[in-house]
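S.K.: okay, sequence plus prediction incoming.
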Amino acid sequence: MKLRRSRLYVPGNNPKMIPPAGLYGGDVISLDLEDAVHPDFKIDARMLVSEALKVVDFGPTVEVTVRINPINTRWGKWDIKQIVCEKLDGIYIPKVEAPEDVIQVDELVTEMEDKKGLEIGRIKLFATMETAKGILNSKDIAVCSKRLAGITIGGEDLTADLGGVRSSDGLAIHTSRQLIILAARAAGIQAIDTVYSDFSDTEGLKKETEMIKKMGFDGKACIHPSQIEVIHDVFDPSEDEIKYAVRVMKAIEDAKEKGSGVIALGKKMVDRPIVLKAEKILALAEAAELPVPTFDEVE
Ligand code: COA
Ligand code: MG
């Protein structure tokens, strides 16, 4: 399982923030060429980001990605041409409204990998839907490229497009979040939530992260390093959840040994959804390097 609990945006024109960006413990960093960069500085930012990708050591575990400009702007294609390199793990495509927006990126990335002698297909794509049209097309977008590893939702732009109000209960984008989850699950890829903009409000971030985790999201974007730990704490399974998951796996072993088709934990039957949830919790725990007790350590 590839962990994408947190994804830190780093302004692509900020030479101070880029080098240490991988050291805050986040799962993903997104060097941003889009909304964090004023149009007058797009070319400088692109140069800075492509150089940083070559020379900065972001650390052994972080997934290094770039958010490019939308593919149909005058910057999008040049962004791709310049940033594709060995150290780039993924590209976030903003304002995706149709499969064609992703396919164009996929084709150009393939062309650049070929030209630069890189392994074809290694660089992953992530599509962000942030308009009504994009959300409604997310089902087709999510399956349009083998490179797609996840889809995301852009809360601020989407709320503006919908004519709603961005509020702490997330009402304006609630259905859109559900549609993103449905599209991601149907395609077998990950779903990543939008940012919580007030980085001084830790309680608010925690509450929103708890909500989107319950909805099914795999992770959440953030704008400040201090948000990473809050997000991980919500997404990481608790000690009790891990212990229970191990007991479920042990019950399966016991049933197998007895040749019984029915799996029981104490006096409770363990059905398929419980097994799937236990497997997911253990995969998450392993990926996050959390301690997992052995069968003998759980009663
Ligand atoms: N990426 C990397 N480093 C960051 C960071 C980020 N997104 N946000 C803050 N930092 C660093 C700062 O450089 C500072 O480092 P230092 O201690 O070595 O000096 C430290 O974290 C603390 O930062 P702080 O002083 O609390 O915040 P700030 O005033 O420097 O920055 C923002 C606040 C909002 C400007 C900044 O967090 C930011 O630019 N976030 C990203 C915005 C963005 O990309 N938006 C587009 C996507 S929605
Ligand atoms: Mg946006």
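M.R.: Sure, I can see it. Ligands and ions are numbered 1, 2, ... in the order given.
S.K.: which secondary structure elements does the helix or strand hosting Val230 sit against?
M.R.: Val230 is part of helix 226-235 when elements are defined by DSSP states H and E. Contact analysis of helix 226-235 by 3 or more CB pairs under 8 Å, 6 or more residues apart in numbering; DSSP states H and E lists strand 6-11, helix 202-215, strand 219-222 as its packing neighbours. Just so you know, the C-beta spots here come from the backbone N, C-alpha and C atoms, and that holds for glycine as well.
S.K.: buried deepest among the ones you listed, which one?
M.R.: Counting by mean count of other CB atoms under 10 Å, strand 219-222 has the highest mean neighbour count of the helices and strands packed on helix 226-235, with a mean of 26.
S.K.: may I have that strand as PDB, with CA atoms only?
M.R.: Provided in PDB are the C-alpha atoms of strand 219-222 (Å, rounded to 0.1, in the frame of the first residue of the first chain):
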ATOM      1  CA  GLY A 219      -5.300  11.400   2.500                       C
ATOM      2  CA  LYS A 220      -5.500  15.200   2.600                       C
ATOM      3  CA  ALA A 221      -3.600  18.000   1.100                       C
ATOM      4  CA  CYS A 222      -2.000  20.700   3.300                       C
END
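S.K.: can you list the strands that it pairs with?
M.R.: strand 6-11 (parallel), strand 190-193 (parallel) (DSSP bridges).
S.K.: closest to ligand 2 out of these?
M.R.: strand 6-11 (10.3 Å; CB to the ion).
S.K.: what's in contact with the closest one?
M.R.: Here strand 6-11 makes contact (CB atoms under 8 Å, 6 or more residues apart in numbering) with 17-18, 21, 24, 26-32, 36-37, 45, 65, 67, 192, 195, 219-225, 227-228, 231-232.
S.K.: can stretch 168-179 be found next to ligand 2?
M.R.: No - applying CB under 5 Å from the ion, one finds stretch 168-179 separated from ligand 2 by no less than 12.4 Å.
S.K.: show me how far that stretch is from its chain's centre.
M.R.: Taking CA atoms, centre = their mean, to the nearest Å, the mean C-alpha location of stretch 168-179 is offset from the chain mean by 18 Å.
S.K.: mind checking the end-to-end distance for that stretch?
M.R.: 19 Å (CA to CA, to the nearest Å).
S.K.: pull the distance from stretch 251-266 to the chain's centre.
M.R.: Taking CA atoms, centre = their mean, the mean C-alpha location of stretch 251-266 is offset from the chain mean by 36 Å.
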